[in-house]
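K.L.:
Requesting a structural model of the entry that follows:
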Amino acid sequence: MIIFLLIILCLYGGINFYAFFRAKNIFHFAGKTEILIIILLLFLILAPIIIRLAEKLELETFARSASYCGYLWMAFIFLFFFINITFDLTRYLFRFFGQNDGSVRGENIFFGLAVLLSLMFVVYGFFDAQKIRVKKLEIQTEKLLPDEGRIRIVQISDVHIGLIVRDERLNVILKSIKEAKPDILVSTGDLLDGELNNVMSEAYKLAQIKPKFGKFAVTGNHEYYAGIEKALKFTQNAGFEILRDENKKVAGINIIGLEDPTGRQMGLRKKSDSLSNLFPGKNSNDFILLLKHQPTIREQKNFDLQLSGHTHGGQIFPFMFFTRLFFPKNYGYYELNKNKSVYVSGGVGTWGPPVRFFAPPEITIIDLIFKNSI
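P.N.:
You can find the predicted model right below:
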């Protein structure tokens, strides 16, 4: 984990200093101005570490301010990097074919355009991240269901309650959940983000939502980053029954919840010996709902529908192309065969930058319908 974080920090630092040297070539700053810009840049590069340290020291006001500054800058610099690289490649192609003189004036214009577009996209993405979409699915099943053969499951994923997603941002999410009128509410991991000081009141807001057949949750990687014991307490106070390599039968549905592998990777949880017994045989009369944070698929297991999250749909374009390298089923609905499917939620919150660009936040409504009731 330390090596991975160091690699990410080096890559992020490299992108920042790429932008720094591009700006220096245009504005020719030097002396004290250059030193001040480098100091500011180092603060912004190290902002994620500084924020976590501030959280641990319970400097919440500073941590929240640093979060907005550091993470909005992160969104800006990533977008600037991709846009500017695209412009550079385009210019070099035109120069190769003799269609561009490669003048300094042209280079400056493209630099300014990359800055302007990046600012526009960050502002758009900041406000778009607060506009919750409702994704609706209808899944027909031959498995018998109560309530006239119809059950409504509402999925939330990757809420990331913490320094940024709380208060009014969380209230908007809760309003969307209430309006969806779930029979069952499920959280497919990363309900929390970072340290847990002073966020327990947000759990009690969630606890006010009381679906007819209950609320169920599984852990994500950020539950472990936040501190698993405190995270479990928060989730329970929010009214969820946590399924950690466990199953629960309710309303004709066998809900299987799998623990996120981060716990085993961090040495905080041993592999469960009962995993092979969680999945019933193929002759089961129950609809089998699998909750699993990361969208890895084991088609040999017996389930009717898997609900996952984790990828955020990339969160900021073009990161969905990178998340697809690790999770081919990156976002959306996938039919594996006639009676087996997967839905990967794009998530409703944000991690890092409070920005979503071409990856809008969502809650998912899944209406299960018994075929004979149609």
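K.L.:
quick one: the helices in the stretch 201-350 of the chain?
P.N.:
All helices of the stretch 201-350 of the chain, identified by DSSP state H, counting those that start in this stretch, fall at 221-226, 228-237, 262-265, 275-278, 320-326.
K.L.:
tell me the contacts of the residue nearest to Phe240 when sequence neighbours are not counted?
P.N.:
With CB to CB, 6 or more residues apart in numbering as the measure, Ala217 is the residue that lies nearest to Phe240, at 3.8 Å, once sequence neighbours are left out. C-beta: built from backbone N, CA, C; applies to glycine. When the contact criterion is CB atoms under 8 Å, 6 or more residues apart in numbering, the partners of Ala217 are 186-189, 191, 235, 240-243, 257, 291.
K.L.:
Kindly reformat the residues you listed as CSV and extend each row with distance to Leu72, neighbour count and pLDDT.
P.N.:
Formatted as CSV, the entries for the contacts of Ala217 read as follows, by distance: CB to CB, whole Å; neighbours: other CB atoms under 10 Å; pLDDT from 0 to 100:
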residue, distance to Leu72, neighbour count, pLDDT
Val186, 31, 25, 98
Ser187, 27, 29, 98
Thr188, 27, 32, 98
Gly189, 25, 30, 94
Leu191, 23, 29, 96
Thr235, 29, 22, 96
Phe240, 31, 22, 98
Glu241, 37, 15, 97
Ile242, 33, 19, 97
Leu243, 36, 20, 97
Gly257, 35, 26, 96
Leu291, 32, 25, 98
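K.L.:
Would you convert these into JSON lines that also reports distance to Ile83?
P.N.:
Converted to JSON lines, the contacts of Ala217 look like this (distance: CB to CB, whole Å):
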{"residue": "Val186", "distance to Ile83": "38"}
{"residue": "Ser187", "distance to Ile83": "35"}
{"residue": "Thr188", "distance to Ile83": "33"}
{"residue": "Gly189", "distance to Ile83": "32"}
{"residue": "Leu191", "distance to Ile83": "33"}
{"residue": "Thr235", "distance to Ile83": "39"}
{"residue": "Phe240", "distance to Ile83": "41"}
{"residue": "Glu241", "distance to Ile83": "45"}
{"residue": "Ile242", "distance to Ile83": "42"}
{"residue": "Leu243", "distance to Ile83": "43"}
{"residue": "Gly257", "distance to Ile83": "41"}
{"residue": "Leu291", "distance to Ile83": "38"}
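K.L.:
Low-confidence stretches in the stretch 1-150 of the chain?
P.N.:
Applying pLDDT under 70 to the stretch 1-150 of the chain picks out residues 1, 98-104, 147.
K.L.:
Do a quick rundown of the strands in it.
P.N.:
Remark: strands assigned in the stretch 1-150 of the chain by DSSP state E, counting those that start in this stretch are 133-141, 150-156.
K.L.:
any idea of the mean pLDDT in stretch 337-349?
P.N.:
Average pLDDT, stretch 337-349: 94.
K.L.:
mind checking the end-to-end distance for it?
P.N.:
31 Å (CA to CA, to the nearest Å).
K.L.:
got the buried residues for that stretch?
P.N.:
339-349 (16 or more other CB atoms under 10 Å).
K.L.:
Repeat that for stretch 161-168.
P.N.:
In stretch 161-168, residues buried by neighbour count (16+ other CB under 10 Å) are 161-166.
K.L.:
Walk me through the domains of this structure.
P.N.:
What automatic domain parsing lists as the domains of the chain is 2-128, 134-373.
K.L.:
Quickly compare these and say which is most buried.
P.N.:
Greatest average neighbour count among those goes to domain 134-373 (a mean of 19), per mean count of other CB atoms under 10 Å.
K.L.:
From the chain's centroid, how far away is it?
P.N.:
The chain centroid and the centroid of domain 134-373 are separated by 12 Å under CA atoms, centre = their mean, to the nearest Å.
K.L.:
Which other helices and strands does the longest helix belonging to the chain contact?
P.N.:
The helix that spans the most residues within the chain, counting by DSSP state H, is helix 60-96. Packed against helix 60-96 by the contact rule (3 or more CB pairs under 8 Å, 6 or more residues apart in numbering; DSSP states H and E) you find helix 2-27, helix 31-45, helix 47-56, helix 104-128.
K.L.:
Dump these into CSV; add distance to Phe96 as well.
P.N.:
Below are the helices and strands packed on helix 60-96 laid out as CSV (distance: least, CB to CB, whole Å):
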stretch, distance to Phe96
helix 2-27, 21
helix 31-45, 33
helix 47-56, 39
helix 104-128, 15
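K.L.:
Looking at the ones you listed, spot the one closest to Lys271.
P.N.:
Nearest to Lys271 among those is helix 2-27 (21.6 Å), distances taken as CB to CB.
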